[in-house]
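[1] this is the structure alone, sequence omitted:
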């Protein structure tokens, strides 16, 4: 999963926001029902689409899902645009188009919003299907590995054990130890099968912080014991370097180094770091990795062969790295082969209810956190409105930015602004040091400080400068900058409310939402049938 903003989400947000330009302005009817259906409802859908796009931009979801959803959103809007324009042109008598008088732009905008929403839902469905197909492919490859493990490792060991068990003890004095070794091998294989079966849910990622240096040393030492003549050099590893993996990480390094030793006597292992990943490279100067094994490592494709001498090491490497959410790259040339494993870097432990982090945005909210931020933002919009109305302001006036000074439109667009700025607040709040989340009081104070600071920034930049410029573009006179006391107090009430509600929601609502999601998730984690 990517570690930066999902910029494709901004495409969805931009389409939703742009299409709301005509929903209310050109849909003013004397009949309230027609006004709400043709103006307010499409406005709500368009703004909701924009909020959803912003949420996808900062959320902890696969970048491919966001790209697919954005593509289908564009396709939905574009397809509806073509159909509506052709229909309007075809229905115009004599080719004359009197579209302005029948508010065609309002109709066009509303249909485009419907097409965009439909395309977005289609994109989510398509992404889910693609993810399910990928999961099935991974599970099929896993079953192939399990089949090979059972057939070759277990059956071969059973055959050897039977042979020694039926032989004369005088002819084979070491039969007992050989049988014991074979039984140990069977037990080890069963444990491997048990682990691979238990970890069949590839959508779950390990949550342990594993020390890279310790795992690498253990893996290399295992190879040195098996191949004492091999010359294995390991580069420097930074102290305290950890990745998200589990206790089997050393097996990844064991199999990779042992595979390299099979091609050359000298093997070089190096470690490089990035803000969000650790890359471990194993290089040898042998004849080169076969194409089938390159495909196995990079794509997981397993050939239908039954050569026991081929081993299962690379199969295990692929399955383990895949379960860690890592990547594998191979570089084969005249100078030899380099296999590089990229693993997600572990960050400092934070409370379970806190969002995950990245090097750019420092926040990747999961779905429960997005729900909390959205709810807190919408609730925080109420104190803003109460303070504004009490001091002589008007929430209805916000609707002017969207074409109409109306209380319903004003509150609807005000909630939209609050949700968008609330997601930005969540990103800013996550940048506070982890020590401020040690207890509820410091967590509240940290979020409160960020909320008030963000509110002041919005008061000066958004309300003080951008809003007056927006009004002037609409032909409405406005002072620049517009630093009004009512606006200041309203924004502070919003920031304080958001700053207090968000950490409370993280602490108390997120665990409940997580449990609820686990109960309704269609692909629940399967119980290990071997236990």
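    The structure has been received and is ready for your questions. Since the structure is predicted, the reported quantities are computational estimates derived from the model, not experimental observations.
[2] now stretch 387-400: average pLDDT?
    Averaged over stretch 387-400, pLDDT sits at 79.
[3] actually stretch 225-232, not the one I typed
    Throughout stretch 225-232, pLDDT has a mean value of 88.
[4] please state the offset of it from the chain centre?
    How far stretch 225-232 lies from its chain's middle: 41 Å, per CA atoms, centre = their mean, to the nearest Å.
[5] ok, stretch 54-72 next?
    Stretch 54-72 has its average C-alpha position 8 Å from the chain's average C-alpha position, going by CA atoms, centre = their mean.
[6] then stretch 124-134?
    When C-alpha coordinates are averaged (CA atoms, centre = their mean), stretch 124-134 and its chain have centres 14 Å apart.
[7] which outside residues touch it?
    For stretch 124-134, the external contacting residues (CB atoms under 8 Å, 6 or more residues apart in numbering) are 62, 64-65, 68-69, 72, 523. Any C-beta I mention is one placed from the backbone N, CA and C, and that applies to glycine too.
[8] and what of stretch 475-485?
    391, 400, 459-460, 463-465, 467-469, 471-472.
[9] what's the neighbour count on residue 136?
    By other CB atoms under 10 Å, the residues close to residue 136 number 10.
[10] I'd like to know which of the contacts of stretch 475-485 are buried.
    When neighbours are counted using 16 or more other CB atoms under 10 Å, these contain these buried positions: 400, 459, 463-464, 467-468, 471.
[11] going by distance to residue 230, which of the residues you listed wins?
    Here the nearest of the buried ones among the contacts of stretch 475-485 to residue 230, counting by CB to CB, is residue 459; it sits at 66.6 Å.
[12] returning to what we had before: and the buried ones among the contacts of stretch 475-485, which two are the farthest apart?
    Largest separation among the buried ones among the contacts of stretch 475-485 by CB to CB: 400 and 459, giving 18.5 Å.
[13] show me where the protein has strands.
    Counting by DSSP state E, the chain forms strands over residues 208-211, 231-234, 242-245, 266-274, 277-284, 327-333, 336-344, given from the N-terminal end onward.
[14] dump those into TSV; add mean neighbour count and distance to residue 118 as well.
    Rendered in TSV, the data for the strands of the chain read as follows (neighbours: other CB atoms under 10 Å; distance: least, CB to CB, whole Å):
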stretch	mean neighbour count	distance to residue 118
strand 208-211	16	42
strand 231-234	16	55
strand 242-245	23	37
strand 266-274	17	39
strand 277-284	21	37
strand 327-333	15	35
strand 336-344	21	35
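[15] look up the pLDDT of the spatially most central residue of the chain for me, please.
    With distances taken as CA atoms, centre = their mean, the chain has residue 61 as the residue nearest its mean C-alpha position (2.2 Å). Per-residue confidence (pLDDT) for residue 61: 74.
[16] and for residue 158?
    Looking at residue 158, its pLDDT reads 73.
[17] okay, now it: neighbour count?
    One way to gauge burial is a neighbour count; for residue 158, by other CB under 10 Å, it gives 14.
[18] what's the closest non-adjacent residue to it?
    Leaving aside its sequence neighbours, residue 158 sits nearest to residue 186 (CB to CB, 6 or more residues apart in numbering; 7.1 Å).
[19] surely that neighbour meets residue 159?
    No - Residue 186 is beyond contact range of residue 159, at 11.2 Å (criterion: CB atoms under 8 Å).
[20] where does the stretch 401-531 of the chain have low pLDDT?
    Under the criterion of pLDDT under 70, the regions of the stretch 401-531 of the chain flagged as low confidence span 402-404, 431-439, 517-531.
[21] try 50 this time
    Low-confidence regions of the stretch 401-531 of the chain, defined by pLDDT under 50, span residues 522-531.
[22] again with the stretch 151-300 of the chain
    In the stretch 151-300 of the chain (pLDDT under 50), the answer is 200-204.
[23] picking that back up, any chance of the buried ones among the contacts of stretch 475-485 in a markdown table with distance to residue 378 as columns?
    Formatted as a markdown table, the entries for those read as follows, by distance: CB to CB, whole Å:
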| residue | distance to residue 378 |
| --- | --- |
| 400 | 21 |
| 459 | 20 |
| 463 | 19 |
| 464 | 24 |
| 467 | 20 |
| 468 | 26 |
| 471 | 25 |
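[24] out of those residues, flag the one nearest to residue 427.
    Comparing these against residue 427 with CB to CB places residue 459 closest, at 19.0 Å.
[25] need the strands of the chain in JSON lines with distance to residue 110, can you?
    Rendered in JSON lines, the data for the strands of the chain read as follows (distance: least, CB to CB, whole Å):
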{"stretch": "strand 208-211", "distance to residue 110": "51"}
{"stretch": "strand 231-234", "distance to residue 110": "64"}
{"stretch": "strand 242-245", "distance to residue 110": "46"}
{"stretch": "strand 266-274", "distance to residue 110": "46"}
{"stretch": "strand 277-284", "distance to residue 110": "45"}
{"stretch": "strand 327-333", "distance to residue 110": "44"}
{"stretch": "strand 336-344", "distance to residue 110": "44"}
